[in-house]
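Novice: Kindly generate the corresponding structure for this input.
(2 chains)
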There are 2 protein chains.
Amino acid sequence: MVDIRHRIGVVTPDPTNVYDALTTIDGLSGWWTDETSGDPDVGGTIELRFPPVGGFDLEVLEQRPGERVRWRVLAGPDEWIGTTIDWQLRQDGDYTIVLFEHRGWREPVEFMSHCSTKWGSYLMSLKSLVETGTGAPAPRDVQISDWH
Amino acid sequence: MVDIRHRIGVVTPDPTNVYDALTTIDGLSGWWTDETSGDPDVGGTIELRFPPVGGFDLEVLEQRPGERVRWRVLAGPDEWIGTTIDWQLRQDGDYTIVLFEHRGWREPVEFMSHCSTKWGSYLMSLKSLVETGTGAPAPRDVQISDWH
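Specialist: As a prediction, the model looks like this:
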């Protein structure tokens, strides 16, 4: 098993601002994809779509306000199914530190390398959303390659 | 051992354009840091500095024109020493595909997560340099957190 890991710092006085962007449909659609729907509470399923490519269904496993969010991938690309996505938040002075892990990839395939870079780009979109009110969700996301 | 992996696609007709940005002092200083010096040929040592934080010394292990570059970290942050940085290039239509691996981290420490995101940001700087002629090397690099 191999994992994707990232760390960003969001300039904001309270981790609740990042937490809200991970736990509400409005928040998720502000940095990840316009086409976000479903039930973002624990036990619910969030549906994210990236037309025309496809998308993901995520089960919400855990939410601790201002501290942690965990999802399990129920549907999406074959390599994603069963993987977990883990967000840990803490306040360090003026920054909310975001530790991100996309865990449980079976193999370090080229698509995983793509997703690693793409996650980094989406984390910068999350940072921008919380700091400025504007993120870069799909379809206005940053294109990193031929795989978008 | 754990690894950082990324993948980008650079819009350019020839992988030599990316290869040159990895194997010349001018190229490296165009996307990574203004303060790049040393001997970029196989067996040489490249010195990269990021004042006031520090920097890295890299031994050039391998260069295959348009295809591959490998470095070993000789000096820098303790977690980096002895790790290897591996670039594989190939042409897919209009894109030079760049597969990046920073291999051999002893532990998945928080600094590794930071470096993963920061590498993604520098890869986008490399893409921009080759596509537009302008990258975002230090000290004009994108700040991702309190750790810069």
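
Novice: what about stretch A:61-79, how long is it end to end?
Specialist: For stretch A:61-79, the separation between the terminal residues is 19 Å (C-alpha to C-alpha, to the nearest Å).

Novice: Indicate whether stretch A:101-119 makes contact with chain B.
Specialist: Yes - counting by C-beta under 8 Å from any C-beta of the partner chain, contacts between stretch A:101-119 and chain B involve A:E101, A:P108, A:E110, A:M112, A:S113, A:H114, A:S116, A:T117. Glycine gets a C-beta too; all of them are placed from N, C-alpha and C.

Novice: ok but the first one is inside a helix, no?
Specialist: Looking back up the chat, that one is A:E101. No - if the criterion is DSSP: H, G, I helix; E, B strand; the rest coil, then A:E101 is strand and not within a helix.

Novice: So what pairs up with it in the strands?
Specialist: On DSSP bridges, the residues paired with A:E101 through beta bridges are A:R5, A:D86.

Novice: pretty sure it contacts A:I4?
Specialist: Yes - using C-beta atoms under 8 Å, A:E101 is in contact with A:I4, at 7.0 Å.

Novice: and the two? which has more neighbours close in?
Specialist: Legend: neighbour count by other C-beta atoms under 10 Å in any protein chain shown for A:E101 and A:I4, higher for A:I4 (25 against 20).

Novice: Next, the angle helix B:110-132 makes with the longest helix seen in chain A.
Specialist: When chain A is parsed with DSSP state H, its longest helix is helix A:110-132. Relative orientation of helix A:110-132 versus helix B:110-132 (axes from the mean of the first three to the mean of the last three C-alpha atoms, to 10 degrees): 90 degrees.

Novice: quick one, what contacts the nearest residue to A:L89 once chain neighbours are set aside?
Specialist: Nearest residue to A:L89, sequence neighbours excluded (C-beta to C-beta, 6 or more residues apart in numbering or on different chains): A:P15, at 4.3 Å. With contact set as C-beta atoms under 8 Å, 6 or more residues apart in numbering or on different chains, A:P15 has these partners: A:G66, A:E67, A:L89, A:R90, A:Q91, A:T96.

Novice: Which helix or strand contains the third one?
Specialist: Okay, so that is A:L89. Secondary structure from DSSP states H and E places A:L89 in strand A:84-92.

Novice: Let me see the residues that make contact with that strand.
Specialist: By C-beta under 8 Å, 6+ apart, the residues outside strand A:84-92 that reach it are A:9, A:13-15, A:18-19, A:22, A:58, A:61, A:66-73, A:96-104, B:146.

Novice: Please apply the same query to stretch A:50-69.
Specialist: Contacts with stretch A:50-69, where a contact means C-beta under 8 Å, 6+ apart, come from A:14-16, A:19, A:22-23, A:33, A:35, A:38-49, A:70-77, A:80, A:84-90, A:138-139, A:148.

Novice: Which of those residues are buried? Put it as a ChimeraX command.
Specialist: Buried residues within these, by 16 or more other C-beta atoms under 10 Å in any protein chain shown, are selected in ChimeraX with:
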select /A:15,19,22,23,33,38,40,45,46,47,48,49,70,71,72,73,76,80,84,85,86,87,88,89,138
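
Novice: From the contacts of stretch A:50-69, which land in helices?
Specialist: Of the positions in the contacts of stretch A:50-69, A:T16, A:Y19, A:L22, A:T23 sit in helices, assigned by DSSP H.

Novice: do you know how far the nearest residue to the second one once chain neighbours are set aside is from chain B?
Specialist: Beyond its immediate neighbours in the sequence, the residue positioned closest to A:Y19 (C-beta to C-beta, 6+ apart) is A:G66, lying 5.1 Å away. Note on A:G66: its distance to chain B, by C-beta to the nearest C-beta, to the nearest Å, is 18 Å.
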